[in-house]
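Asker: Structure for this input, please:
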Amino acid sequence: WTPTSSLVNSLRVGYSHYYQVFQSVDHGQNPANYSYNGSTYHLYTGQTNPAYYRLPTISFQGAYSFQLGLGWPKTVGPDGVWQISDSVSYLRGNHTFKFGGEVLVNQSTNNVTANTKGPVRFPDLQSFFSGNMNRAQFTAGDLLRHLQSQSYGAFAQDDWRLSRTLTVNLGVRYELNTVFTERNNLIGNFDPNLGLVQAGKQIGGVFNPDRHNFAPRVGLAWDVRGNGKTVVRLGGGIFYEQGSYDSFMAIGNLLGLRTAPTGVSLYTNGNPVPTTAGGTINVGAINYETLGPGQGTIQYNWANNGSGTPLYSGSPACGDGTVLLASGVRAAPCVVLGVDRNLRTPYVTSWNFGIQRAITNNLLLDVAYLGNHAVKLIGMQDLNQPQLVNGFSPGWGNPADPASPAG
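Answerer: Numbers count the residues shown, from 1 in each chain. Now for the predicted structure:
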């Protein structure tokens, strides 16, 4: 919209959509009643969520390794981003003023899984017939999440023509990315001071928003001799990152704030009576390391598989390794991904210096230096890992010594 020769308004509205499903050909088939080649087979895995049905991966090692079935279904989307931006340009004397704002609404419905079908692995084909597997994995719980966040930006700038040969650009932008929420508060975090926490329970948001994202910009263009043949340009600015949901939600298709086990049974100090962290996220990966022929083990469940003896119990558990459950699982520490509650937004400082020279009417030489420096980039660290500072941290000992905490 151009109401006057010196005033222009630009309004933009846009929408971006993404939806993709990763699933095997037998999706929708319950392994408890699995139809193939005119026959019906019965493998009671313990998975009761139809979204995670299908034949589990059955793999064989040895000289001729192969597998049946696929590892996991995954649904990414429907995801959508709404964008509304408006800017105004205004000419006044030697100034070109421009200011405006932008709003982004990010939405994501996803069901990203790992091992929800219950894959098992055998050393060889003979072990398959004897039921002697060497690995069994199962992820229990509902991984469907509905996420949303908003982002806001506002800017103002001035192209100031100081003289016929010198123009300066000055500007500043402010950005605010809100912390994502989940429709049913099914996201959590790990706080070193509070332990496992969940949105809407022990805390409000899973972490605190960063409200300090001011981004200044400066630029200069100088026509050295005023004839348009040699121009010097320089500029610099700060540009903030907008984090991807994947960085927080689905590392390895499983680890993230959506799977913080706030509602999982916790077994500690040899006590068979569990506690919980006081939440409702009952999702967890189970690795069946206690493999043996006795009742309650995976081998027993495989040999006696039926509607009353499923392969997996379907109940995740975490613990300190001192409690052996009836399912054959020793409740070991769960792997939890947490985020610093005061996480700061990463940003990049960018600067440039260049000279342009017109050699002929059709030939231009452009020489430039460009620099970038990234700050506060997101990284990962294991809070339980001994730190190597002039040897191991005090009290940890040496990992080569099994009797030490590090060992």
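Asker: pLDDT below threshold where in the stretch 151-300 of the chain?
Answerer: Along the stretch 151-300 of the chain, the model assigns pLDDT under 70 to residues 287-296.
Asker: Would you map the strands across it?
Answerer: With DSSP state E, counting those that start in this stretch as the criterion, the stretch 151-300 of the chain has strands at 166-177, 181-182, 188-191, 195-198, 213-223, 230-240, 265-267, 284-287.
Asker: quick one: strands adjacent to the third one?
Answerer: Which is strand 188-191. Strand 188-191 pairs in its sheet with strand 195-198 (antiparallel), by DSSP bridges.
Asker: Buried residues of the partner strand, list them for me.
Answerer: 196-198 (16 or more other Cβ atoms under 10 Å). C-beta: built from backbone N, CA, C; applies to glycine.
Asker: that older thread, output the strands of the stretch 151-300 of the chain in a markdown table; the columns should cover distance to residue 156.
Answerer: Shown next, in a markdown table, are the strands of the stretch 151-300 of the chain (distance: least, Cβ to Cβ, whole Å):
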| stretch | distance to residue 156 |
| --- | --- |
| strand 166-177 | 6 |
| strand 181-182 | 30 |
| strand 188-191 | 36 |
| strand 195-198 | 39 |
| strand 213-223 | 10 |
| strand 230-240 | 14 |
| strand 265-267 | 52 |
| strand 284-287 | 49 |
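Asker: element containing the residue nearest to residue 252 when sequence neighbours are not counted?
Answerer: Nearest residue to residue 252, sequence neighbours excluded (Cβ to Cβ, 6 or more residues apart in numbering): residue 114, at 6.6 Å. For residue 114, there is no host helix or strand (DSSP states H and E).
Asker: Can you name the residues that contact the residue nearest to residue 10 when sequence neighbours are not counted?
Answerer: Sequence neighbours aside, residue 87 is the residue nearest to residue 10 in space, at 5.1 Å (criterion: Cβ to Cβ, 6+ apart). Residues in contact with residue 87 (Cβ atoms under 8 Å, 6 or more residues apart in numbering) are 9-10, 98-101.
Asker: tell me the SS of residue 128?
Answerer: helix (DSSP: H, G, I helix; E, B strand; the rest coil).
Asker: Number of residues surrounding it?
Answerer: Using other Cβ atoms under 10 Å, the number of residues around residue 128 comes to 18.
Asker: Hmm, residue 62 and it touching each other?
Answerer: No. Between residue 128 and residue 62 there is no contact under Cβ atoms under 8 Å: 10.7 Å.
Asker: Out of the strands of the stretch 151-300 of the chain, flag the one nearest residue 363.
Answerer: Residue 363 lies closest to strand 230-240 among the strands of the stretch 151-300 of the chain, at 13.7 Å (Cβ to Cβ).
Asker: same for the closest one, what does it pack against?
Answerer: When contacts are defined as 3 or more Cβ pairs under 8 Å, 6 or more residues apart in numbering; DSSP states H and E, strand 230-240 packs onto strand 166-177, strand 213-223, strand 347-360.
Asker: partners of the second one, with directions?
Answerer: Read it as strand 213-223. The pairing partners recorded for strand 213-223 under DSSP bridges are strand 166-177 (antiparallel), strand 230-240 (antiparallel).
Asker: Against residue 273, how distant is the closest residue in space to residue 201 that isn't next to it in sequence?
Answerer: The shortest distance from residue 201 to any non-neighbouring residue, by Cβ to Cβ, 6+ apart, is to residue 279 (5.3 Å). Distance, residue 279 to residue 273, by Cβ to Cβ, to the nearest Å: 18 Å.
Asker: And for residue 353?
Answerer: In this view, residue 353 and residue 273 are 68 Å apart by Cβ to Cβ.
Asker: Show me which of these two is the more surrounded one.
Answerer: Using other Cβ under 10 Å as the criterion, residue 353 and residue 273 rank with residue 353 on top: 15 against 7.
Asker: That one pairs with what?
Answerer: As for beta bridges, residue 353 partners with residue 234, residue 369 under DSSP bridges.
Asker: So it sits against residue 234, correct?
Answerer: Yes. Using Cβ under 8 Å, residue 353 is in contact with residue 234, at 4.6 Å.
Asker: rewinding a little: which of the buried residues of strand 195-198 sits closest to residue 254?
Answerer: Nearest to residue 254 out of these is residue 196 (Cβ to Cβ; 16.3 Å).
Asker: need the contact list for the closest one.
Answerer: Shown in contact with residue 196 (Cβ under 8 Å, 6+ apart): 188-190, 260-262, 277, 279, 336.
Asker: redo that, cut-off 7 Å
Answerer: 188, 190, 260-262, 277, 279 (Cβ atoms under 7 Å, 6 or more residues apart in numbering).
Asker: quick one: stretch 88-102 to chain centroid distance?
Answerer: Distance of stretch 88-102 from its chain centroid, counting by Cα atoms, centre = their mean, to the nearest Å, is 38 Å.
Asker: returning to that earlier point: out of the contacts of residue 196, who's the most crowded?
Answerer: Neighbour counts for the contacts of residue 196 peak at residue 188, which has 31 neighbours (criterion: other Cβ under 10 Å).
Asker: check contacts around it.
Answerer: Contacts for residue 188 (Cβ under 7 Å, 6+ apart) come out as 196-199, 206, 257, 260, 262, 279, 281.
Asker: I'd say residue 68 and residue 58 touch.
Answerer: Yes. Contact between residue 68 and residue 58 holds when scored by Cβ atoms under 7 Å: they sit 4.5 Å apart.
Asker: The helix or strand residue 110 falls within pairs with which strands, parallel or anti?
Answerer: Element membership for residue 110, per DSSP H and E: strand 95-112. Paired strands of strand 95-112, with direction, are strand 74-92 (antiparallel), strand 145-161 (antiparallel) (DSSP bridges).
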